[in-house]
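*Asks:* Got a predicted structure here, sequence first:
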Amino acid sequence: MADSKPFLAAVESRRTYYQLSNESYISDARIKEIVTFALKHTPSPFNSQTSRLVLVLKKEHEKLWDTITEVYKAMLPEDKFTHAKQRFDGFRAGYGTVLFYEDTTNIREFQEKFPTYEDKFPQWSEHASGMMQYVIWTALEAEGMGVNLQHYNPPIDTRLETEYGVPPTWSLKSQMVFGKPTGQPGKKTFKPIEERMKVFE
């Protein structure tokens with residue numbers, strides 16, 4: 001049996017890093033390799049493969065967060081935008097972002113193909129997206145990168161469709177920011193396992 005310790009160690013060390021720089025411990029080719037591997041091998045219900053990704057790096061990453069800042073500046077009161085901009089500037093300071101989408105056309109195809117589970121496929125699609133996010137997050141941090149996950153959709157959806165040629169049938173789920181960590185993650189606490197798990201032998 002293969003040793004699962006390296007995998008479990010990566011799971012344990014995966015944390016949220018907000019303080020990032022626009023540097024990377026790994027090459028752009030390696031980043032693309034990780035994202036491509038996750039897209040290919042992360043499981044999905046009925047092998048539906050509904051997840052879609054957009055990867056932006058360096059100047060394109062900065063442009064992305066400039067766009068998000070513009071969208072929120074137009075919709076937030078000045079006092080709230082001041083606080084939001086500080087966060088946006090922090091994300092912009094990173095090296096890259098992965099945009100996670102789910103293809104609603106693909107989802108609908110499986111709803112029609114398997115009508116018994118029609119109401120379940122949108123929920124299962126969210127599960128697939130969550131697994132995809134976790135795989136990429138964990139893999140990037142195993143390479144020494146810092147990562148955090150954001151959710152500024154849906155206000156940014158239309159602008160990003162225009163910027164990146166994304167079909168309107170792709171539903172944006174999250175924005176994963178990564179870069180070289182320049183700070184430490186916050187303290188992580190755990191609820192008692194016995195309150196969260198039952199075992200029957």
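*Replies:* Done, it's in.

*Asks:* Got the phi and psi for the residue nearest to Q111 when sequence neighbours are not counted?
*Replies:* Spatial nearest neighbour of Q111, excluding adjacent residues (Cβ to Cβ, 6 or more residues apart in numbering): E118 at 4.4 Å. Every C-beta, even on glycine, is put in place using the N, C-alpha and C of the backbone. E118 adopts backbone torsions of phi -50, psi -40, taken as degrees, to the nearest 10.

*Asks:* okay, E118: pLDDT?
*Replies:* Looking at E118, its pLDDT reads 96.

*Asks:* give me the number of residues near it?
*Replies:* A total of 13 residues lie near E118 under the criterion other Cβ atoms under 10 Å.

*Asks:* Same check on M176?
*Replies:* So M176, with other Cβ under 10 Å, has 22 neighbours.

*Asks:* that's a helix at it, yeah?
*Replies:* No. Under DSSP: H, G, I helix; E, B strand; the rest coil, M176 sits outside any helix and is assigned strand.

*Asks:* got a pLDDT number for it?
*Replies:* The predicted local confidence for M176 is 98.

*Asks:* sec struct for the closest residue to it other than its chain neighbours, please.
*Replies:* Leaving aside its sequence neighbours, M176 sits nearest to V98 (Cβ to Cβ, 6+ apart; 4.3 Å). State at V98, reduced to three classes by three-state DSSP: strand.

*Asks:* Double-check V98 against K173; I have them as touching.
*Replies:* No. Contact criterion Cβ atoms under 8 Å: V98 and K173 do not qualify, at 10.8 Å.

*Asks:* more crowded one of those two?
*Replies:* Neighbour comparison, V98 and K173: the larger count goes to V98, with 26 against 20 (by other Cβ under 10 Å).

*Asks:* List the beta-bridge partners for that one.
*Replies:* Listed by DSSP bridges, the beta-bridge partners for V98 are L55, M176.

*Asks:* any idea how far H41 is from it?
*Replies:* 16 Å (Cβ to Cβ, to the nearest Å).

*Asks:* Ok, E33 next?
*Replies:* The gap separating E33 from H41 is 12 Å, by Cβ to Cβ.

*Asks:* tell me which strands and helices the worst-scoring helix or strand of the chain on mean pLDDT is in contact with?
*Replies:* Every helix and strand in the chain was compared by mean pLDDT, DSSP states H and E; the lowest is helix 5-13, with a mean of 91. The contact analysis (3 or more Cβ pairs under 8 Å, 6 or more residues apart in numbering; DSSP states H and E) places helix 5-13 against helix 121-142.

*Asks:* How far off centre is the helix it packs on?
*Replies:* Counting by Cα atoms, centre = their mean, to the nearest Å, helix 121-142 is centred 7 Å from the centre of its parent chain.

*Asks:* pLDDT averaged over that helix - what is it?
*Replies:* In this model, helix 121-142 has an average pLDDT of 97.
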